[in-house]
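Below: sequence and its predicted model.
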Amino acid sequence: MSPDTAYTSDSLSENLIASVTDLKVYFQSKQGMVHSVDGVSFDIVDGEMMGLVGETGCGKSVTARSFMQLIQTPPGVLAGGKILFKSQKNCNKCNGSRCVACSKTGKNILDLLSLSESQIRELRGERIAMIFQDPGKALNPGLTIRTQLAEVFQEHRENDVFKKAGITNNLDGINGYLLKKYIRQELNLITKLMLKFPPFSGFRKKVDKAIDGLVTEALAETQIPNPNKIMERYPHELSGGMKQRVMIAQAIACNPDLLIADEPTTALDVTVQARVLDLIKDLQKRHQTSVLYISHDLSLVRRICDRVAVMYAGKIVETGDAEIIFNNPKHPYTQGLIKALPSMTHERGKLEAIEGMVPELINPKSGCRFASRCKQKKSNCENNDPELKVLSNKDKSHKVSCFLYE
Amino acid sequence: MQIRDYIIRRLLVLPVLIIGTSIIVFALTRIGGSPIGIYLSHEMNPAEVQEMKERFHLDKPVPVQYFYWIKGVTQGDLGWSGVASAPVVDVFPKKFAATMELAIAAGIVAVSLGIALGTFAGARRNKLADHIIRVVSVSGASMPLFWFAILLLIIFWVWLGWFPIGRSDPNLFEAIPHPTGFYTIDALLAGNFAAFRDAVWHLIMPAVALGYGATAIIARMMRSSLIEELQEDYVDAAKAKGLAERVVLKKHARRNALIPTVTVIGLTFGFLLQGTVVAEIIFRWPGLGRWMASAVLRGDQATIMTYVMFTSILFLIVNLVVDIIYANLDRRVVLGE
């Protein structure tokens, strides 16, 4: 694989780590094409927490999964757009031999959607990591926590493992061949058997011990008590909060540039939610990781995110600084969402709901997607698509997609 | 509970189950009437008939007859086979080993091929390979064994002459001892490679014929459960770690897809034993098949009881093994509850 083919000539402004431009992801169904994500654009500022808010089915998760090429095609169709990504850190994997994940190449801007399978694999878990919604489903029920966490190190930290095991000088010949196969999970029956007997078994045990150490460290990072014991457990033996901590440990194990958190607290108890949230925030600050935080819970996003993008029916309707969006929402949908939130400062009384239903996303007509539910609808809303535009020259980051402001 | 403790506990319960099975087997066979007919001939006068009844304890009440049977079994006397005109214990072990060898070989074919084909098809859902495997497995599940066996016989024995029928080349096997009765194992123990090759060669065609139906069932089960597992979140999570497609499939998805498949594998073992009767008759395999068929038709109860007892015990053991494998795969199973 030539490393240069992966890079694009597109540029990304200095402070951004990733930028989504006009992303379109459709799904084939019997009724027609479902436009799940239909022209989404937003930026993620380096070292910041970006919130992506929207109701169920609006395309948040599809957007997130597109970052890692985790959309199954078919039925998924990548209909257009770009996700530019800038790798920030020097990579531990290639030792400067210019791999895709590495900023040493100088030209380090990648279009995530056009990478090949092997190229995106270099980034997955190494530069971009993901936390899933339901930790009970995202961990394999048949494997121990150790086995699952170890895979991250085996895949991306081969050299570290050998260094930690103190066997970097013993990697010549058949010994190195076997141990590398062992770490890369490429063993067959014969090589597996060979590693069970001396002289190879001794080295294998050292490698296992080194991996144990790395796994323990990763688990300790997420404040799991007794990581040594926890790692021998199976997922069903742990509580929901514990499992999510394991998922987080797995995601940040390689200290990624970008962490995608897809509703990480939705499946958890309210009391556990707060602690997991604090943990993510704390880790983000300590490691200067950029986070794309996906949620349907506005109050939660307000609490932890620096900037927010509001999504509705496959499009971004408003994006900008979190405080500005919450205090001074411009788009009627955002306004509706915020009115539907209970607040300590407002009078007691009924909360306002947004009337109507989310429109069908199968072969949608042109026109503002929110028009059917909008109280401030104008004559041109039904037939024309509003564009996401900067509201005023004072704050260039605040963008709204609505004809009210044109 | 530890798996080791569980196995010990199950093994301790095994004798109780075997005694229970023996009562059921005896009762069910005796419902068919007194077995005296098989021991009589037309020339016997009433006094001789009475003498035969007394000799086989058939003049006693049925529960007492059961104890006579059990007493005989524990002393290595399985009764007299009217069909074989010999004590059951003289004929049974050899033929039983032959049948077992065939059934186990067919089981190996079915399990390895079924899992491999199912995994291959499931990972390539709706692609050409999947469609081909679907045709293969639908025909396997729907073709009657006797028809498929005859088809193989015609093609590979009559036309092509690639595979022999029968069990072995007698010239090769008369020379070596038979400690296990499994010709393949006997040949290996004797270190006679030519004999081993001959035994395997004879085994292939009947094993494939017998295993094909079970292969089809296992492959279809494996395919559908693998497709289900591949939709799970943990598969995406595994990919998100940067793992290769191969590792995601083999280490993550296939492992969990095996859980429902293992249950099916346990069930198909009965299917295989049942099929041996047909396969043995068609391929001239010297197993229990033909003997058993005529024993059932002529009411040779000593033979029937021995056969049912042994297959029941085998079933108990196979079930124990399946449970252990199941618990190993699915860690959420609490053993012994």
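Here it is on my side, so go on.

Where does pLDDT dip in the stretch 251-400 of chain A?
A:344-348 (pLDDT under 70).

Kindly report the residues of it close to chain B.
By C-beta under 8 Å from any C-beta of the partner chain, no residue of the stretch 251-400 of chain A approaches chain B. Glycine gets a C-beta too; all of them are placed from N, C-alpha and C.

Not counting sequence-adjacent ones, nearest residue to the residue in the stretch 251-400 of chain A that chain B sits nearest to?
Chain B sits closest to A:Ala251 of the stretch 251-400 of chain A, with a gap of 8.2 Å, by C-beta to the nearest C-beta. Leaving aside its sequence neighbours, A:Ala251 sits nearest to A:Ala129 (C-beta to C-beta, 6 or more residues apart in numbering or on different chains; 3.9 Å).

looking at this, that neighbour is in a helix?
No. Applying DSSP: H, G, I helix; E, B strand; the rest coil, one finds A:Ala129 to be strand, outside a helix.

ok, it to A:Gly202 distance?
Separation of A:Ala129 from A:Gly202 (C-beta to C-beta, to the nearest Å) stands at 33 Å.

Neighbour count for the two, which is higher?
Neighbour tally, A:Ala129 and A:Gly202, criterion other C-beta atoms under 10 Å in any protein chain shown: the higher count belongs to A:Ala129, 28 against 12.

residue contacts, the nearest residue to B:Arg254 once chain neighbours are set aside?
Distances taken as C-beta to C-beta, 6+ apart place B:Thr119 nearest to B:Arg254, at 5.7 Å, with adjacent residues excluded. Contact analysis of B:Thr119 by C-beta atoms under 8 Å, 6 or more residues apart in numbering or on different chains lists B:Met222, B:Arg223, B:Leu226, B:Leu249, B:Arg254, B:Ala257.

how near is B:Thr119 to A:Ser29?
Look at B:Thr119 and A:Ser29: by C-beta to C-beta, they are 28 Å apart.

ranges for the strands of the stretch 1-150 of chain A?
A:16-29, A:32-45, A:49-53, A:76-86, A:109-111, A:128-131 (DSSP state E, counting those that start in this stretch).

Strand partners (parallel or antiparallel) of the third one?
The strands beside strand A:49-53 in its sheet (DSSP bridges) come out as strand A:290-295 (parallel), strand A:307-312 (parallel).

buried sites along the last one?
In other words, strand A:307-312. A:Arg307, A:Val308, A:Ala309, A:Val310, A:Met311, A:Tyr312 (16 or more other C-beta atoms under 10 Å in any protein chain shown).

all helices of chain B, in order?
B:3-31, B:46-55, B:62-74, B:88-123, B:128-142, B:145-152, B:170-173, B:183-190, B:193-230, B:233-240, B:245-247, B:254-282, B:289-298, B:301-329 (DSSP state H).

Which one, of those helices, ends up nearest to A:Ala267?
Judged by C-beta to C-beta, the one of those that comes nearest to A:Ala267 is helix B:233-240, at 10.6 Å.

can you tell me the average pLDDT over that closest one?
If you average the pLDDT over helix B:233-240, you get 90.

Could you break chain B into its assigned domains?
For chain B, the structural domains run B:3-76, B:86-329, going by automatic domain parsing.

how about those domains, which one is nearest A:Glu263?
domain B:86-329 (12.0 Å).

now the end-to-end length of that closest one.
End-to-end distance of domain B:86-329 (C-alpha to C-alpha, to the nearest Å): 47 Å.

what's the answer for stretch B:76-85, then?
First-to-last residue span, stretch B:76-85, C-alpha to C-alpha: 17 Å.

What segments of chain A are helices?
According to DSSP H, the helices that chain A contains are A:60-66, A:117-123, A:135-138, A:145-156, A:158-165, A:173-183, A:189-194, A:200-221, A:227-230, A:240-252, A:270-287, A:298-304, A:322-327, A:332-339.

Adding distance to A:Lys396, write the ones you listed out as CSV.
Converted to CSV, those look like this (distance: least, C-beta to C-beta, whole Å):
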stretch, distance to A:Lys396
helix A:60-66, 22
helix A:117-123, 29
helix A:135-138, 37
helix A:145-156, 37
helix A:158-165, 42
helix A:173-183, 48
helix A:189-194, 58
helix A:200-221, 37
helix A:227-230, 45
helix A:240-252, 32
helix A:270-287, 24
helix A:298-304, 21
helix A:322-327, 12
helix A:332-339, 18
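
give me the number of residues near residue 133?
Picked chain A for this. With other C-beta under 10 Å as criterion, A:Gln133 counts 21.

not quite, I wanted chain B
The local packing of B:Ile133 (other C-beta under 10 Å) involves 21 other residues.

what about it, distance to chain A?
20 Å (C-beta to the nearest C-beta, to the nearest Å).

ok so, going back, could the strands of the stretch 1-150 of chain A be laid out in TSV, adding mean pLDDT and distance to B:Ser142?
Shown next, in TSV, are the strands of the stretch 1-150 of chain A (pLDDT from 0 to 100; distance: least, C-beta to C-beta, whole Å):
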stretch	mean pLDDT	distance to B:Ser142
strand A:16-29	87	32
strand A:32-45	86	37
strand A:49-53	90	51
strand A:76-86	85	36
strand A:109-111	81	50
strand A:128-131	90	45
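
List, one by one, the residues from the stretch 101-250 of chain A near chain B.
Counting by C-beta under 8 Å from any C-beta, the residues of the stretch 101-250 of chain A near chain B are A:117, A:121-126, A:129-130, A:132-134, A:137-143, A:151-152, A:155-156, A:185, A:234, A:236, A:247, A:250.

Buried among the residues you listed? Make that a ChimeraX selection.
ChimeraX command restricting these to the buried ones, with burial defined by 16+ other C-beta under 10 Å:
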select /A:121,122,123,124,125,126,129,130,132,133,134,137,138,139,140,141,142,143,151,152,155,156,185,234,247,250
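
Quick one: residues contacting residue 117.
I went with chain A, as the question did not name one. A:Gln69, B:Glu245.

nope, chain B please
Contacts of B:Leu117 by C-beta under 8 Å, 6+ apart are B:Ile133, B:Val136, B:Ser137, B:Thr215, B:Ala219, B:Met222, B:Arg223.

Need the per-residue pLDDT for B:Pro63.
For B:Pro63, pLDDT reads 87.

Count the residues that sit near residue 163.
You didn't pick a chain, so chain A it is. 12.

um, chain B though
For B:Phe163, the neighbour count with other C-beta under 10 Å is 18.

Find the nearest non-adjacent residue to it, please.
Per C-beta to C-beta, 6+ apart, closest to B:Phe163 is B:Met205, 4.4 Å.

swap in B:Ala199?
With C-beta to C-beta, 6+ apart, the residue lying closest to B:Ala199 is B:Tyr183, at 4.1 Å.

Centre-most residue in the chain?
Chain wasn't specified; assuming chain A. With distances taken as C-alpha atoms, centre = their mean, A:Ile260 lies nearest the centre of chain A, 1.8 Å away.

switch to chain B, that's the one I care about
B:Leu273 (3.8 Å).

residue contacts, it?
Per C-beta under 8 Å, 6+ apart, neighbours of B:Leu273: B:Thr99, B:Ala103, B:Thr311, B:Leu314.
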